[in-house]
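# just need the structure, nothing else, for what follows:
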Amino acid sequence: MATLRVDTVSGIGTEGTVLKGGLRFRSKNYLTLPKGDTGQRGGSRALFGGGYLHPSGFDGGISYLQMESTGNTIDFGDLTVDRGIPASTASSIRGLWAGGGVPGGVSDVIDYVTILTTGAALDFGNLTVARKYFGGSGNETRGIFSGGDRAPGPISDVIDFVTIASTGNASDFGNLLAATEHCGSCSSPTRSVTAGGGTPSRVNVIQYVEIATTGNSTNFGDLTATRKSIDGASSNTRGLFAGGSTPSLVKSIDYITIATTGDAADFGDLITDNHHYGVASNNTKAIWAGGYSGSGAGYNLLEFVNIATTGDASDWGDTFRNRKYHAGCSNAHGGLTQ
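Next up is the predicted model:
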């Protein structure tokens, strides 16, 4: 059980009072939440931001969907800068997008939104190193950004972190096992896991850090195949890594148990051979949006899996733009569920 302090409640508050949804007053001003309830109201919301629209160029749009039921994405607002291939992370309140490719180079800008309030993103701060093609993960407190391409500079092994509740520039967390781009990341409440990517050669390495403790990453195990341009999603116990190139495009999904180091196992397949999706997850579902088959416009397909049950992805709906090279987050991903 979790406990939530309530400073102002009108007409209720005696010990033992039960509210709608199973909330119970433990004592004056304190609510006891049912197991698994984080106190978030308004449902699980997935957001997808940035990307590339063919043939017009970099995109700053943000779209969203409610994760309780299948359907299409809806316009949310815009990032402060049009960009593709950013990384994203979130708390239960804020969604962040960092870095990415912009005309003529790469960005170090970090934007944020309040997830339950549609509207334009605001400036959060800056990364320690401008880059694209990198992984984003985190928990309720910290956002973690791992690796990336510093084009025209070298590939990066940098791990940055931010305190999500406090705007400001990112700080150095540590380093990956090797400089890596095109990697995917996911998290539990305690661990951030990064997998695959290019050094620039494709790798199958899975590595992790403990989110609360700065330092370098540690080897976790291996993916089922070497690949880059993959995307990560997670419940609070299981991490998924999907799609990418080997160099042929693949639709395979791997999974790990985040608390237990070891090699990934086969989970199932996406609907399409694809890469450069936006992906978001809550404690039960992972949703992939859009993506790219290697030429022309991005897809508008949304597809999902139930994280606890191995198997192939199913259709969820459509994105409101055919978009590739974007990044997703949610207010209920695995790193938030205690």
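# residues in contact with L96?
The contact partners of L96, taken as C-beta atoms under 8 Å, 6 or more residues apart in numbering, are S88, T89, A90, I110, D111, Y112, F124, G136, G143, V162, I164, C329. (C-beta placed from N, C-alpha, C; glycine too.)
# now name the helix or strand holding the second one.
Looking back up the chat, that one is T89. Element membership for T89 (DSSP states H and E) is strand 87-90.
# and what of the fourth one?
I110 is part of strand 109-114, with elements assigned from DSSP H and E.
# what average pLDDT does that strand get?
In this model, strand 109-114 has a mean pLDDT of 98.
# neighbouring strands for it, and are they parallel or not?
strand 94-98 (antiparallel), strand 122-126 (antiparallel) (DSSP bridges).
# ok, and what's touching the last one?
Around strand 122-126, the neighbours that count as contacts under C-beta under 8 Å, 6+ apart are 80, 96, 108-113, 162, 167-170.
# how about stretch 252-268?
186-188, 191, 193, 195, 206, 208, 219-225, 234, 236-243, 269-270, 305, 310-313, 334.
# tell me the buried residues in that stretch?
S252, I253, D254, Y255, I256, I258, T261, A264, F267, G268 (16 or more other C-beta atoms under 10 Å).
# return the helix or strand in the chain with minimum mean pLDDT.
Of all the helices and strands that make up the chain, strand 2-5 has the lowest average by mean pLDDT, DSSP states H and E, namely a mean of 43.
# picking up where we left off before, wait, which of the contacts of L96 is closest to I62?
D111 (9.1 Å; C-beta to C-beta).
# now do the SS call for F76.
F76 falls in the strand class when you classify it by DSSP: H, G, I helix; E, B strand; the rest coil.
# all numbers from here: first residue = 28
Understood, numbering begins at 28; the last thing we discussed is F103.
# can you tell me the closest non-neighbouring residue to it?
The spatial neighbour of F103 that comes closest, neighbours along the chain excluded (C-beta to C-beta, 6 or more residues apart in numbering), is I89 at 4.1 Å.
# so, low pLDDT: which residues of the stretch 28-177 of the chain?
Counting by pLDDT under 70, the stretch 28-177 of the chain has low-confidence residues at 28-69.
# ok so D199 is a strand residue?
Yes: note on D199: a strand contains this position according to three-state DSSP.
# quick check: phi and psi on the residue nearest to it when sequence neighbours are not counted?
When the adjacent residues along the chain are set aside, D199 lies closest to T155, with 5.7 Å between them (C-beta to C-beta, 6+ apart). With angles defined as degrees, to the nearest 10, T155 sits at phi -70, psi -30.
# ok, D296 to D281 distance?
Remark: distance between D296 and D281 (C-beta to C-beta, to the nearest Å) = 11 Å.
# neighbours around the nearest residue to K312 once chain neighbours are set aside, how many?
Spatial nearest neighbour of K312, chain neighbours left out: F331 (5.3 Å); criterion: C-beta to C-beta, 6+ apart. Here the number of neighbours of F331 (other C-beta atoms under 10 Å) works out to 25.
# show the contacting residues for F331.
Residues near F331 by C-beta under 8 Å, 6+ apart: T97, K312, A313, I314, W315, A340, S341, W343.
# at 10 Å instead, please
Contacts were defined as C-beta atoms under 10 Å, 6 or more residues apart in numbering; by that measure F331 touches 73, 94, 97, 260, 297-298, 306-308, 311-316, 340-344.
# just the buried ones among the residues you listed, please.
Neighbour-count burial (16+ other C-beta under 10 Å) is assigned, among the contacts of F331, to 73, 94, 260, 297-298, 306-308, 311-316, 340, 343-344.
# restrict stretch 189-202 to CA atoms and write it as CSV.
Extracted as CSV, the C-alpha positions of stretch 189-202 are listed here (Å, rounded to 0.1, in the frame of the first residue of the first chain):
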residue,chain,number,x,y,z
VAL,A,189,18.2,15.4,-14.9
THR,A,190,15.9,15.8,-11.9
ILE,A,191,12.5,15.8,-13.7
ALA,A,192,10.7,18.0,-11.2
SER,A,193,13.3,20.8,-11.4
THR,A,194,14.1,22.6,-14.6
GLY,A,195,17.8,23.1,-15.4
ASN,A,196,20.7,21.7,-17.3
ALA,A,197,21.6,18.0,-17.3
SER,A,198,24.5,16.7,-15.3
ASP,A,199,27.1,13.9,-16.0
PHE,A,200,26.0,10.5,-14.6
GLY,A,201,28.7,8.3,-16.0
ASN,A,202,29.6,6.4,-19.2
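# list the buried residues in that stretch.
For stretch 189-202, burial by neighbour count (16+ other C-beta under 10 Å) applies to V189, I191, A197, F200, G201, N202.
# that older thread, closest one of the contacts of L123 to P179?
Compare each of these with P179 using C-beta to C-beta and the shortest gap goes to I137, at 21.5 Å.
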